[in-house]
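In: can you look at this prediction? I've put the sequence above it.
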Amino acid sequence: MTRILSTLFLVAGLGVTLAAQASGDAARGAEKASTVCAACHGAHGESTGPDFPKLAGQPQDYIEHALHHYKGGVRRKNPIMMGMAAALSDQDIADLAAYFSSQQGLYTKY
């Protein structure tokens with residue numbers, strides 16, 4: 001019985017740890033975005049060019065999925081974004097998504 005309880009607590013602890021790592025930190029995302037993403041997507045994700053999508057205010061899970069798809073190179077095949085996403089860890093992706101989704105965007109200004 002003790003062994004079963006120990007195993008359950010271990011599994012529950014891992015789940016909490018993974019959940020904490022999976023949630024993004026917008027402040028860290030802002031730092032990461034300012035060095036790489038801003039060149040094309042604008043300082044706060046508000047791109048002014050038609051070739052680069054606006055990231056500000058997009059849903060966090062949408063940004064995370066998109067970056068994972070660029071990183072995988074199967075569902076989204078943009079050579080520039082594939083190169084950018086290739087170096088991102090899961091935590092980097094979560095941080096960037098948290099930052100951009102926290103910005104005021106096209107649908108969050110009102």
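Out: Cool, the structure landed.
In: may I ask which helix or strand of the chain has the lowest mean pLDDT?
Out: helix 2-22 (a mean of 50; mean pLDDT, DSSP states H and E).
In: next structured bit after that helix?
Out: Later in the chain than helix 2-22, the nearest helix or strand by DSSP states H and E is helix 26-32.
In: so after that following helix, what's the next helix or strand?
Out: That would be, after helix 26-32 and using DSSP H and E, helix 38-41.
In: alpha carbons of that following helix, as PDB, please.
Out: Taking Å, rounded to 0.1, in the frame of the first residue of the first chain, the C-alpha atoms of helix 38-41 are listed here in PDB:
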ATOM      1  CA  ALA A  38      10.500  41.800 -33.500                       C
ATOM      2  CA  ALA A  39      12.400  42.100 -36.700                       C
ATOM      3  CA  CYS A  40       9.500  40.700 -38.700                       C
ATOM      4  CA  HIS A  41       6.500  40.700 -36.300                       C
END
